[in-house]
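Trainee: Dropping a prediction and its sequence here:
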Amino acid sequence: METKREFLKKLGLLTVGSMVAGSVSPVLASKSKNSMFAAGKSIGLQIYSVGRELTADVPAGLKKIADIGYKTIELAGYGNRKMGQYSVEEYRKLAEDAGLKITGSHVNPPVRAYTKDNMGEIADFWKVAVEDHVKFGVNTIVQPSLPSVKTIDDAKLVSEVFNKNGEIAKAAGLKWGYHNHNMEFNRVTENADEPAPANPWMKRGEAIYDLFLNNTDPGLVFFEMDVYWAVMGQADPIEYFRKHAGRFPILHIKDRAVLGESGMMNFPKIFEVAYENGLDEFFVELEGIQGMTQFEGVKGCFDYLNNAPFVK
């Protein structure tokens, strides 16, 4: 039985030994499927990372993001058909004036417990959200929070809703996706009164994340893996990329704090295998920093990725 300590120790060893910094596989370099990086690195930012400082002065904050070097942003904070005090059209113009392209957005429905009775309500919410996000000019719209899942049947019902959300987005020319934290790697059984153990190495039950992957239509639902939260859930991002190739076109790149400083995340290998299996875009997300401003933190993250030979 592998303990959490042993799992994290293994990841640390992989970080040192999997790929020497500065080296890139010639095959990988010549066969990257991602055309958007051909003209130089396109590094995106999830604006939640600077939420507190950005909202103090949105126009100046967006310009600051662009001045750091970020080219794309993923929204967080959409609600009531607005972004804070700004209409959809106003916020898009602010971003474009700053030199940024809004390519994605995180959006949560107002319902956490999904039932057969409220599926229509959830669908109506996504119809409105998708309509607004077409106006934002995004390519993707992503749900970043886990609905209530206590049994395998709950996970299957949620997957049914996700497929419907994907149909709504696809009809409008957008792609619909799901973003994980660590809880999705907990396991459930058929009986809510006898839940499976939370620890993934105790194999009874099925991982919620696996149930979502296996019960959603790849043509309707993609997965934006947050690689840090996957590791915190004691899951291996690389294993998922290989097993479900093409399901992870977008990633959240995150570390305990500023990217590359913790030694916990094997970013060279993560990027290598992600590119091999359909990575199109990624966003930096930063949480829990101390001793610096949010903007200083995301600049450190940008510099790490911009200087990294394994990022295209």
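Mentor: Done, it's in.
Trainee: Just the buried residues of the lengthiest helix in the chain, please?
Mentor: Criterion DSSP state H: the longest helix present in the chain is helix 152-171. Under the neighbour-count criterion of 16 or more other Cβ atoms under 10 Å, helix 152-171 has 152, 154-155, 157-159, 161-170 buried. (Each C-beta comes from the backbone N, C-alpha and C, glycine too.)
Trainee: quick one: that helix to chain centroid distance?
Mentor: Centroid separation for helix 152-171 versus its chain: 18 Å, with Cα atoms, centre = their mean, to the nearest Å.
Trainee: got a list of contacts for it?
Mentor: 114-116, 119, 122-123, 126-127, 130, 141, 143, 147-149, 175-176, 178, 188-190, 192, 205-206, 208, 211-212, 215-217, 219-221 (Cβ atoms under 8 Å, 6 or more residues apart in numbering).
Trainee: What are the neighbouring residues in contact with residue 134?
Mentor: So residue 134 contacts 172-174 (Cβ under 8 Å, 6+ apart).
Trainee: among those residues, who's most crowded?
Mentor: Using other Cβ atoms under 10 Å as the neighbour test, those are led by residue 174, with 21 neighbours.
Trainee: Pull the distance from the host helix or strand of residue 275 to the chain's centre.
Mentor: For residue 275, the enclosing helix or strand under DSSP states H and E is helix 267-276. What separates the centre of helix 267-276 from the centre of its chain is 15 Å, taken as Cα atoms, centre = their mean.
Trainee: Output the contacting helices and strands for it.
Mentor: Helix 267-276 sits against helix 26-31, helix 237-243, strand 250-253, with contacts defined as 3 or more Cβ pairs under 8 Å, 6 or more residues apart in numbering; DSSP states H and E.
Trainee: How about the contacts made by residue 277?
Mentor: 241-242, 245-246, 248.
Trainee: can you pull out the helices in the stretch 51-200 of the chain?
Mentor: 51-56, 58-68, 88-98, 119-136, 152-171 (DSSP state H, counting those that start in this stretch).
Trainee: can you redo these as TSV with distance to residue 227 and mean pLDDT?
Mentor: Below are the helices of the stretch 51-200 of the chain laid out as TSV (distance: least, Cβ to Cβ, whole Å; pLDDT from 0 to 100):
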stretch	distance to residue 227	mean pLDDT
helix 51-56	21	96
helix 58-68	21	98
helix 88-98	26	98
helix 119-136	24	98
helix 152-171	21	98
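Trainee: Let me know how buried residue 239 is, in neighbour terms.
Mentor: 11.
Trainee: OK, contacts around residue 68?
Mentor: 295, 298-299, 302.
Trainee: from these, which ones fall inside strands?
Mentor: Here DSSP state E is the test, and the contacts of residue 68 give no hits in strands at all.
Trainee: What's opposite residue 178 in the beta bridge?
Mentor: residue 143, residue 223 (DSSP bridges).
Trainee: Tell me the predicted confidence for it.
Mentor: In this model, residue 178 is scored at 99, pLDDT.
Trainee: Need the phi and psi values for residue 70.
Mentor: phi -70, psi 140 (degrees, to the nearest 10).
Trainee: Using the three-state scheme, assign the closest residue to it other than its chain neighbours.
Mentor: Of all residues not flanking residue 70 in the chain, residue 45 sits nearest, at 4.5 Å (Cβ to Cβ, 6 or more residues apart in numbering). Counting by DSSP: H, G, I helix; E, B strand; the rest coil, the backbone at residue 45 sits in strand.
Trainee: Identify the residues contacting residue 45.
Mentor: 65, 70, 72-74, 283-285, 298, 302.
Trainee: for those, which one is nearest residue 93?
Mentor: residue 73 (13.7 Å; Cβ to Cβ).
Trainee: so where is this structure shaky, pLDDT-wise?
Mentor: Scanning the chain with the threshold set as pLDDT under 70 gives 1-40, 195-203.
Trainee: Give the residue farthest from the middle of it.
Mentor: residue 193 (31.4 Å; Cα atoms, centre = their mean).
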